[in-house]
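A.B. asks: Next comes the sequence, and after it the predicted model I'd like to discuss.
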Amino acid sequence: MILETERLILRHWLETDAEDLYKYASDKRVGPIAGWPVHTSVENSLEIIRNVLSADETYAVCLKSDNKAIGSIGLSIGETSNLCLPNEEAEIGYWIGVPFWGQGLIPEAVKELLRHGFEDLQLNKIWCGYFDGNIKSKRVQEKCGFQYHHTNQDIHWVLMDDIRTEHITAIGRYDWLQLNEKN
């Protein structure tokens, strides 16, 4: 499936995206604050495409101008999420390469994935989280209508093998519909 916005194409990851993925995922400012280790090589990025980014409802974020992967966004539905949700709920996760920060691209992608989740997949609620210090992710969630739900303090984050505080937000289908009627 391919989803489109004004400036973006959201499409499935391809093995040929490994070099572009490595270019952005090897930056220490991206992965660790989002909860995953820095990519160490193109081969490591290829392995991540094959074993992680190939999951259902996971998309490469690409500019329409060249269709090259500059970030990632995805929905983890039900038990596949980090939050152990019911099957009619999902968790959204996202990141974008540093050269594209501050351009409103991830909020644009999140809004399209919310539309897809609520309209096409008929989800009832979509959750999201951000770690202490990740102000950019918090702002994306606020811009997209997510509301604070709770905080998980001192959790062991396996991917980074560290202890973190995670803030959880959510938006329900009704609240999403209300927001879209206003816009």
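C.D. replies: Cool, the structure landed.

A.B. asks: those helices in this protein, which residues are they?
C.D. replies: Taking DSSP state H as the criterion, the chain contains helices spanning 18-25, 31-34, 42-51, 105-115, 135-143, 173-182.

A.B. asks: Identify whichever of those lies nearest to D66.
C.D. replies: Judged by C-beta to C-beta, the one of these that comes nearest to D66 is helix 18-25, at 9.8 Å. All C-beta atoms are positioned from the backbone trio N, CA, C, and that covers glycine.

A.B. asks: Residue ranges in this structure under the pLDDT threshold?
C.D. replies: Residues of the chain that meet the criterion pLDDT under 70 lie in 183.

A.B. asks: now the strands for it?
C.D. replies: Counting by DSSP state E, residue ranges of the strands within the chain are 3-4, 8-11, 58-63, 69-77, 89-96, 125-131, 147-157, 162-172.

A.B. asks: Report the distance from the first one to the chain centre.
C.D. replies: Okay, so that is strand 3-4. Per C-alpha atoms, centre = their mean, to the nearest Å, the displacement of strand 3-4 from the mean C-alpha position of its chain is 15 Å.

A.B. asks: likewise the fifth one?
C.D. replies: The chain centroid and the centroid of strand 89-96 are separated by 3 Å under C-alpha atoms, centre = their mean.

A.B. asks: Was I right to think C144 contacts L114?
C.D. replies: Yes. Counting by C-beta atoms under 8 Å, a contact exists between C144 and L114, whose distance comes to 6.5 Å.

A.B. asks: Overlap of the contact sets of the two?
C.D. replies: Applying C-beta atoms under 8 Å, 6 or more residues apart in numbering, one finds that C144 and L114 are jointly contacted by I171.

A.B. asks: Roughly how far does F146 sit from S41?
C.D. replies: When distances are taken as C-beta to C-beta, to the nearest Å, F146 and S41 turn out to be 34 Å apart.

A.B. asks: To clarify, my last question referred to W13.
C.D. replies: The gap separating W13 from S41 is 17 Å, by C-beta to C-beta.

A.B. asks: Ok, W95 next?
C.D. replies: W95 sits 19 Å away from S41 when distances are taken as C-beta to C-beta.

A.B. asks: K125 now?
C.D. replies: Taking C-beta to C-beta as the criterion, K125 is separated from S41 by 38 Å.

A.B. asks: Those two: which is more packed in?
C.D. replies: K125 (20 against 11; other C-beta atoms under 10 Å).

A.B. asks: which ones are touching the residue positioned nearest the centre of the chain?
C.D. replies: Most central in the chain under C-alpha atoms, centre = their mean is Y94, positioned 1.9 Å from the mean C-alpha point. For Y94, the contacting residues are V61, G71, S72, I73, G74, I106, A109, V110, L113, S137, V140, taking C-beta under 8 Å, 6+ apart as the criterion.
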